[in-house]
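[1] curious how this folds, go ahead:
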Amino acid sequence: MKNIFIIGLVTMALAGCSLIKSEAISAPQVKSEVATLGQIETVIGLPIRPGNVMATSDGRVFSTVHPNDGEQGVQLFEVTGPNSYQPWPSNKFQSPKGQYGEATIDTPLGITKDNQGGLWIVDMGQHIGKTRVWGFDIATGTLISKIDIPTDIAPKNSFVQDLVVDRKNGWIYLADIPNPAIIAINMNTNEIRRFGNHVALQPEADAKIVINGVDIMLGGQPVNNGINPITMSADNNTIYFGAMNGRSWYSLDATLFRANASDEKIGKSIIRVGDKPVSDGATIDSHGNHYITNLNDNGVDVLDNKGQMTPLVRDSRFDWPDNVSLDTNGWLYVAVNQLHKTSQFTGTVDQGQPPYYIYRVWVGGR
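    Numbering: from 1, shown residues only. As a prediction, the model looks like this:
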């Protein structure tokens, strides 16, 4: 039997979040011979909006808190039970309401893992005015690295929300939505560059966000976002990406960043590899299959390694599936947060109805 939750006793209370005492929690026993493709299970119901979720191979589940959910006093947490969570790696790194600074996490969203036991988040720094990347050791919670991105690379109007980390070669790649670009960080030299001005990074005119028959607006205009999902192949040599408001999934040669190639040469390496839905998150498995959230159809689609896209799941509970994360046991974790109901989108009050959820979907060994 595989545990998806860490056995723990939550004894702290943190203002702005509801921590529920957690005893030993075990996941339902799932046998591969009876699990069905697309089977959905609830991981946790939350009083706050999960931003992006990340699951480890040993069943630990982490999530950021979405910045659109306002000040909650916690920015990064670990799931400890079906209704409980705790700040991670500790209270030390959280920002209490109204208190933000250099030593604490500000407004994170993207979260990922590397191939050497590290957990990484992109922190948009909406209160302190600069984007940062944080890396922590998953086993110990120790800070690995904190990287400040200069404002000439990530200007104040940036929304750098997704990232992938190639710790083996020492590179981090991030997606900036409103100023569509890929930001590449050389962890060995601390050099940071911005690759933009390419049509593949831009939104597509016919890819509108329409959920349950309603056009989704932002600032009184239809949502029209560029590059958002970004993933990387198992060998770290290929970056995959697409626009949130886009129906094309692209690849580019990551080795060109490592070789300090020109923007022109990087741009010429971009290839359209297949279709994608209007989406907010994506991930890739070791076989080259892409799992991409489908905002308009309340679900997740799969673009397989042969270039064919098919639905994986359609479910009304997937009310804005924000991102996805694979463990190594056949489960795809999905953060669902009703993001389009936040005041930033409605222009009035928050229309979301908690609890918000992290689900997992059985994908098996595709």
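[2] quick one: buried residues of stretch 166-173?
    166-167, 171-173 (16 or more other CB atoms under 10 Å). Heads up, the C-betas are built off the backbone N, CA and C, glycines and all.
[3] hey, C-alpha coordinates of stretch 300-312 in PDB?
    Below are the C-alpha coordinates for stretch 300-312, written out as PDB (Å, rounded to 0.1, in the frame of the first residue of the first chain):
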ATOM      1  CA  VAL A 300      -6.800  17.300 -18.400                       C
ATOM      2  CA  ASP A 301      -5.600  16.300 -21.800                       C
ATOM      3  CA  VAL A 302      -2.700  14.100 -22.900                       C
ATOM      4  CA  LEU A 303      -0.500  14.800 -25.900                       C
ATOM      5  CA  ASP A 304       1.200  11.500 -26.400                       C
ATOM      6  CA  ASN A 305       4.700  10.900 -27.700                       C
ATOM      7  CA  LYS A 306       3.300  10.300 -31.100                       C
ATOM      8  CA  GLY A 307       1.700  13.700 -31.300                       C
ATOM      9  CA  GLN A 308      -1.900  12.700 -30.700                       C
ATOM     10  CA  MET A 309      -4.000  14.600 -28.200                       C
ATOM     11  CA  THR A 310      -6.800  12.900 -26.300                       C
ATOM     12  CA  PRO A 311      -8.900  13.700 -23.200                       C
ATOM     13  CA  LEU A 312      -7.700  12.100 -19.900                       C
END
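[4] number of nearby residues for P229?
    P229 is flanked by 26 other residues according to other CB atoms under 10 Å.
[5] what is the helix or strand hosting it packed up against?
    Of the helices and strands defined by DSSP states H and E, P229 is found in strand 227-232. Other helices and strands packing on strand 227-232, by 3 or more CB pairs under 8 Å, 6 or more residues apart in numbering; DSSP states H and E, are strand 160-166, strand 171-176, strand 181-186, strand 238-243, strand 282-284, strand 290-294.
[6] immediately after the fourth one, which helix or strand?
    Stepping forward along the backbone from strand 238-243, the first helix or strand reached (DSSP H and E) is strand 248-253.
[7] what angle separates that next one from strand 181-186?
    Relative orientation of strand 248-253 and strand 181-186, computed by axes from the mean of the first three to the mean of the last three CA atoms, to 10 degrees: 30 degrees.
[8] is it correct that D206 is in contact with N245?
    No - using CB atoms under 8 Å, D206 is not in contact with N245; the gap is 9.1 Å.
[9] more neighbours, these two?
    Per other CB under 10 Å, whichever of D206 and N245 has more neighbours is N245, with 23 against 9.
[10] confidence score at G219?
    G219 carries a pLDDT value of 89.
[11] which stretches of the stretch 1-150 of the chain form strands?
    Assigned strands in the stretch 1-150 of the chain, in chain order: 40-46, 50-55, 61-65, 76-81, 84-87, 108-113, 118-123, 131-137, 143-149 (criterion: DSSP state E, counting those that start in this stretch).
[12] which neighbouring elements make contact with the shortest one?
    So the one you mean is strand 84-87. By 3+ CB pairs under 8 Å, 6+ apart, strand 84-87 packs against strand 40-46, strand 76-81.
[13] how about these in JSON lines, adding mean neighbour count, distance to V349 and mean pLDDT?
    As requested, the helices and strands packed on strand 84-87 are exported to JSON lines (neighbours: other CB atoms under 10 Å; distance: least, CB to CB, whole Å; pLDDT from 0 to 100):
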{"stretch": "strand 40-46", "mean neighbour count": "18", "distance to V349": "20", "mean pLDDT": "98"}
{"stretch": "strand 76-81", "mean neighbour count": "23", "distance to V349": "25", "mean pLDDT": "98"}
